[in-house]
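Asker: Got a predicted structure plus its sequence, pasted below:
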Amino acid sequence: MTNYINLHTHRKPRVDGEIALRNGFLKSVDFGKVNYPISLGLHPWHVHKTNLTWALTQIKQYHTKIIAIGECGLDRVIQTPIEVQLNAFHRQIELAATYHLPVIVHCVKAYADFAAIAKQYPQVSFVLHGFSGNAAILQMLLAFENVFFSMGKYLFNPASNASLIIADVPLNRLFLETDTSKYYIDKVYEQAAQILEMEETVLKNQIFHNFALLFKQ
């Protein structure tokens, strides 16, 4: 039976057969105890209160123990100046390029900024986690073959952008996730399969294949 790939979560697996890519916070990960897939990065919410040099050193030190960098990215709703966020984001992307790791991206009202970055780093693969952009944003980003899309809780709202545009996301660029939501990953797959009008098993196989290709598992 194919596993459920949970592309981005802050929790341990909660469903039989779930492979969870867990988000690790720089100050709290004990790599002596980590025995699961993990990503590591400096979240834009923490950029203003974290020494960037120290953060980058942590990522360098543990790059062989992680399978992705992030979540990191851009958030135009918070007060941290976008220039400061861009600097931290670029520095982490440069590490991703060096270590050949995908980047898990937090992006809030900054899709135009992100599109320029995706174009600048064609050798780096990006996964926009919790993607909820509209149809125009999706079309803009589909132009970049190094950009993938992960969706989760918004699929349970029929009026959300995620519900309205998921069918337009190529299946080979789609992932599903729970992040910090109340939903279990099997219910997210069930909901996505219902919207896409496809068998859940087919969806699971496709996303498992996507994960294996992108993360070289």
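Answerer: Cool, got the structure.

Asker: buried ones in the helix-or-strand element of the chain with minimal mean pLDDT?
Answerer: Lowest mean confidence among the helices and strands of the chain (mean pLDDT, DSSP states H and E): strand 18-25, at a mean of 89. By neighbour count on 16 or more other C-beta atoms under 10 Å, the buried set for strand 18-25 is 18-24. From N, CA and C alone the C-beta is placed, and that goes for glycine too.

Asker: helix or strand right after it?
Answerer: Scanning forward in sequence from strand 18-25 by DSSP states H and E, the next helix or strand is strand 38-41.

Asker: Could you pull up the residues touching Arg11?
Answerer: Counting by C-beta atoms under 8 Å, 6 or more residues apart in numbering, Arg11 makes contact with 20, 22, 178, 180.

Asker: Output the below-cut-off pLDDT ranges for this protein.
Answerer: 28, 217 (pLDDT under 70).

Asker: May I ask you to name the longest helix in it?
Answerer: helix 82-99 (DSSP state H).

Asker: That helix - contacts with which helices or strands?
Answerer: helix 52-61, strand 68-75, strand 103-108, helix 111-120 (3 or more C-beta pairs under 8 Å, 6 or more residues apart in numbering; DSSP states H and E).

Asker: could you say what helices and strands the first one packs with?
Answerer: The contact analysis (3+ C-beta pairs under 8 Å, 6+ apart) places helix 52-61 against strand 38-41, helix 82-99.

Asker: closest to Leu155 out of these?
Answerer: strand 38-41 (21.6 Å; C-beta to C-beta).

Asker: Any chance you could list what contacts that closest one?
Answerer: So strand 38-41 is contacted by 8, 21-24, 26, 29, 58-59, 62, 65-72, 92, 103-104 (C-beta under 8 Å, 6+ apart).

Asker: how far out from the middle of the chain is that strand?
Answerer: How far strand 38-41 lies from its chain's middle: 10 Å, per C-alpha atoms, centre = their mean, to the nearest Å.

Asker: In its sheet, which strands sit next to it, and in what direction?
Answerer: Taking DSSP bridges as the criterion, strand 38-41 forms sheet pairs with strand 18-25 (parallel), strand 68-75 (parallel).

Asker: Restricting to C-alpha, output the last one in PDB.
Answerer: Which is strand 68-75. What follows is strand 68-75, C-alpha atoms only, in PDB (Å, rounded to 0.1, in the frame of the first residue of the first chain):
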ATOM      1  CA  ALA A  68      14.900  20.300   2.500                       C
ATOM      2  CA  ILE A  69      15.600  23.800   3.600                       C
ATOM      3  CA  GLY A  70      12.700  25.700   5.100                       C
ATOM      4  CA  GLU A  71      10.200  26.700   5.900                       C
ATOM      5  CA  CYS A  72      11.600  30.000   4.900                       C
ATOM      6  CA  GLY A  73      10.400  32.700   2.600                       C
ATOM      7  CA  LEU A  74       8.500  36.000   2.500                       C
ATOM      8  CA  ASP A  75       5.600  37.500   4.300                       C
END
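
Asker: Out of the contacts of Arg11, flag the one nearest to Pro13.
Answerer: Ala20 (4.7 Å).

Asker: So that closest one sits against Asn3, correct?
Answerer: No. Between Ala20 and Asn3 there is no contact under C-beta atoms under 8 Å: 9.9 Å.

Asker: what's near enough to touch Leu164?
Answerer: With C-beta under 8 Å, 6+ apart, Leu164 has these contacts: 134-135.
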